[in-house]
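Peer 1: attaching a predicted model along with its sequence, questions to come.
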Amino acid sequence: MPNLSRLQRQAYHSFQQGELERAERLCAGILEHRPEDFDALHLLGMLHFQRHRVVEALRFLARALKVNSNSADALSNLGLALHATGRYDEAISSYRHALDLAPDHPEILYNLGNAFLALGRGDDALSNYDAVLAIAPGHVGALVNRGNALLQLNQPAKAMASYDAALATMPDHPQILTNRGHARRRLDKPVEALVDFKAALAAAPQFAEAHFELAMTQLAMGDFDAGWKQYEWRWKTGTFARHRRPFQTTPWLGDVPISGKTILLHAEQGFGDTIQFIRYAPLLAGQGAKVICEVQPELLPLLSENPMLRDIAVVAAGAPLPAFDLHCPMLSLPLAFQTQPETIPAAMPYLAAPAERLAYWQDRLPPGRPRAGFVWSGQSSHTNDSNRSIALARLSALFRDPRVRCFSLQSDLRATDGETLRDLPNLTHLGGELRDFADTAAIISMLDVVISVDTAVAHLAGALGKPVIILLPHAADFRWMRNRDDSPWYPSAKLLRQPAFGDWDSVIARAANELGAWR
């Protein structure tokens, strides 16, 4: 029998030197003679994890823990492998068992914080990062992810302080610079954010996330020339790369003549984005192209055979696609058309409600009195939901005037909305009757004004050419730009922005004044 202790030392040495294949062979040799050898099983689990073989890593780590269930290291490594597969709750359980054995282990506390962060449990994540920093004050990972947790909790100013502390140790780190720039962007400090993004790119010229954040900042500042070009880097970021269409050809970006060609425009982000950028489809048809628009199924009843989209074929995502020569993601169209703020296609309306839906709703809305529609929250899964959405109770002052008929167009009610609605007799809730965006468009067409946070309904009202008052956070999405109360994308829109971070009260007071003018 070979000297198994010597093989074990050699395996660990090879692992530490990065000779993973040799380490794996040595471990396999040990297991041939001692199948329940904990150290070999544990090391194989780590080897497979490092080589991105997560299923095998889980198998060997589980076997190791059957041999020795009291290994904090093995429990922690099992947590890492579970985290990598998205099994965050199981990872948390494994880390907690590890901490029972090693309560003050900074790396286990750090990994537990990361699992909480992945689940969106920012408070729990922050608590763990603080525990790490109490033990190891210079732990850069904990400082950075503490900042990320604070951003998740919508505290960008505190997040910046955490990033500053991390940058004191690693001043040129592109990810930390980009994270701090993002926090600055959230605080509506675009000039300072640009400095961070450019510093990140000086350190790592191909760092896609910094390019993307730079694009968002440039577009918000009205620098469309640079911004739309930088925005193409989105496809190299993790979020967008997963959703990139596997077409054989590169997207059309206005680089070849389109007359006589068939082009597919495909939705890539949210409902509001599709509504906003489908305005380019008739322009392509006007250049002699046959245009196919692939959109979310929820938008199909509104957009298919829409009288404003004549000669445009609209298909639902997931349905078979007709043949096409060229394709373009919808949010690449401004680049393809070299759009500037003053050349945004803004002929209104460019959408209309279907006639049969108008007929359906015609007698369902009471006549007389000014009629206003309201939307106060977007999708809770949106990464910036905490800034975009407002609790219905905070808007109650808008519904008190009996001379204005108020209608809720909110399709998804939050947990507290139902109870609040019962206390607002002048707010008639229509959201539960809305089948799709075609119904919403029909109702909006019969209203005098829409008041909405930054959601697809705000885009829809603007596309229909209806007056819309959009309630925006201090640092609004790039499409609303900065320091203006109008929108070149929607001439009928009025933008009410927070004058300071988190200040919805002044925005709501201004909205009440605007509503009084409509009364």
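Peer 2: Received, thanks. Numbering: from 1, shown residues only.
Peer 1: residues near residue 463, how many?
Peer 2: 26 (other CB atoms under 10 Å). All C-beta spots, glycine's among them, are computed from the backbone N, C-alpha and C.
Peer 1: list the contacts of the residue nearest to it when sequence neighbours are not counted.
Peer 2: Nearest non-adjacent residue to residue 463, counting by CB to CB, 6 or more residues apart in numbering: residue 351, 4.2 Å away. Under the criterion of CB atoms under 8 Å, 6 or more residues apart in numbering, the neighbours of residue 351 are 275, 278, 302, 303, 306, 308, 309, 441, 460, 463, 464.
Peer 1: what's the separation between residue 351 and residue 302?
Peer 2: Per CB to CB, to the nearest Å, residue 351 is found 7 Å from residue 302.
Peer 1: how about residue 199?
Peer 2: Remark: distance between residue 199 and residue 302 (CB to CB) = 44 Å.
Peer 1: does residue 264 lie in a helix or a strand, and which?
Peer 2: Using DSSP states H and E, residue 264 maps to strand 262-266.
Peer 1: which strands border that strand, and is each parallel or antiparallel?
Peer 2: Applying DSSP bridges, strand 262-266 is found paired with strand 290-295 (parallel), strand 326-329 (parallel).
Peer 1: what lies in contact with the following helix or strand past it?
Peer 2: The element immediately downstream of strand 262-266 (helix or strand, assigned by DSSP H and E) is helix 271-277. With contact meaning CB under 8 Å, 6+ apart, helix 271-277 is reached by 267, 295-296, 298-299, 330-331, 333-334, 351, 437, 454-456, 458-460, 463, 479, 489.
Peer 1: double-check that residue 373 belongs to a strand.
Peer 2: Yes - with DSSP: H, G, I helix; E, B strand; the rest coil as the criterion, residue 373 is part of a strand.
Peer 1: let's have the chain start at 27 instead
Peer 2: Shifting the count to begin at 27 puts that one at residue 399.
Peer 1: is it in contact with residue 431, as I believe?
Peer 2: No - using CB atoms under 8 Å, residue 399 is not in contact with residue 431; the gap is 9.7 Å.
Peer 1: could you check which of the two has the larger neighbour count?
Peer 2: Using other CB under 10 Å, the more surrounded residue of residue 399 and residue 431 is residue 399, with 27 against 20.
Peer 1: quick check: pLDDT value at that one.
Peer 2: Looking at residue 399, its pLDDT reads 95.
Peer 1: check contacts around it.
Peer 2: Contact analysis of residue 399 by CB under 8 Å, 6+ apart lists 432-435, 469-470, 473, 475-478, 483, 487.
Peer 1: ok, how many other residues are close to residue 389?
Peer 2: Residue 389: 8 surrounding residues under other CB under 10 Å.
Peer 1: cool, residue 234 as well?
Peer 2: Neighbourhood size, residue 234 [other CB under 10 Å]: 17.
Peer 1: the closest residue to it other than its chain neighbours and residue 235, how far apart?
Peer 2: Ranked by CB to CB, 6+ apart and with sequence neighbours excluded, the top spatial neighbour of residue 234 is residue 262, at 3.6 Å. Plainly put, residue 262 is 9 Å away from residue 235 if you go by CB to CB.
Peer 1: looking at those two, which is more packed in?
Peer 2: The residue with more neighbours, out of residue 262 and residue 235, is residue 235; 22 against 15, by other CB under 10 Å.
Peer 1: check contacts around that one.
Peer 2: Per CB under 8 Å, 6+ apart, neighbours of residue 235: 201, 204, 263.
Peer 1: which residues are in contact with the last one?
Peer 2: Applying CB under 8 Å, 6+ apart to residue 263 gives the contacts 234, 235, 238.
Peer 1: assign residue 478 to helix, strand or coil.
Peer 2: Judged by three-state DSSP, the three-state class of residue 478 is strand.
Peer 1: ok, it touching residue 495?
Peer 2: Yes - using CB under 8 Å, residue 478 is in contact with residue 495, at 7.5 Å.
Peer 1: could you give the average pLDDT over stretch 319-333?
Peer 2: Mean pLDDT, computed over stretch 319-333, is 94.
Peer 1: stretch 70-78 now?
Peer 2: Taken as a whole, stretch 70-78 has an average pLDDT of 85.
Peer 1: also stretch 146-158?
Peer 2: Averaged over stretch 146-158, pLDDT sits at 97.
Peer 1: what pLDDT does residue 371 get?
Peer 2: Listed pLDDT for residue 371 reads 95.
Peer 1: which non-adjacent residue is nearest it?
Peer 2: Per CB to CB, 6+ apart, closest to residue 371 is residue 305, 5.1 Å.
Peer 1: spit out the contact partners of the one you found.
Peer 2: 371, 376, 489.
Peer 1: make it 10 Å
Peer 2: Residue 305 makes contacts with 334-335, 356, 359, 370-377, 489, 515, as judged by CB atoms under 10 Å, 6 or more residues apart in numbering.
Peer 1: repeat for residue 210
Peer 2: Contact analysis of residue 210 by CB under 10 Å, 6+ apart lists 182-183, 185-186, 189, 216-223, 239, 243, 501.
Peer 1: let me know the secondary structure of it.
Peer 2: Assigned with three-state DSSP, residue 210 falls in the helix class.
Peer 1: from residue 299, how far out is it?
Peer 2: Applying CB to CB, the value for residue 210 to residue 299 is 24 Å.
Peer 1: in the chain, which spans are strands?
Peer 2: Along the chain, the stretches classed as strands by DSSP state E are 288-292, 316-321, 338-342, 352-355, 397-401, 431-434, 453-455, 475-479, 494-498, 519-523.
Peer 1: can you redo these as JSON lines with distance to residue 87?
Peer 2: Formatted as JSON lines, the strands of the chain follow (distance: least, CB to CB, whole Å):
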{"stretch": "strand 288-292", "distance to residue 87": "41"}
{"stretch": "strand 316-321", "distance to residue 87": "43"}
{"stretch": "strand 338-342", "distance to residue 87": "43"}
{"stretch": "strand 352-355", "distance to residue 87": "41"}
{"stretch": "strand 397-401", "distance to residue 87": "48"}
{"stretch": "strand 431-434", "distance to residue 87": "51"}
{"stretch": "strand 453-455", "distance to residue 87": "51"}
{"stretch": "strand 475-479", "distance to residue 87": "46"}
{"stretch": "strand 494-498", "distance to residue 87": "48"}
{"stretch": "strand 519-523", "distance to residue 87": "51"}
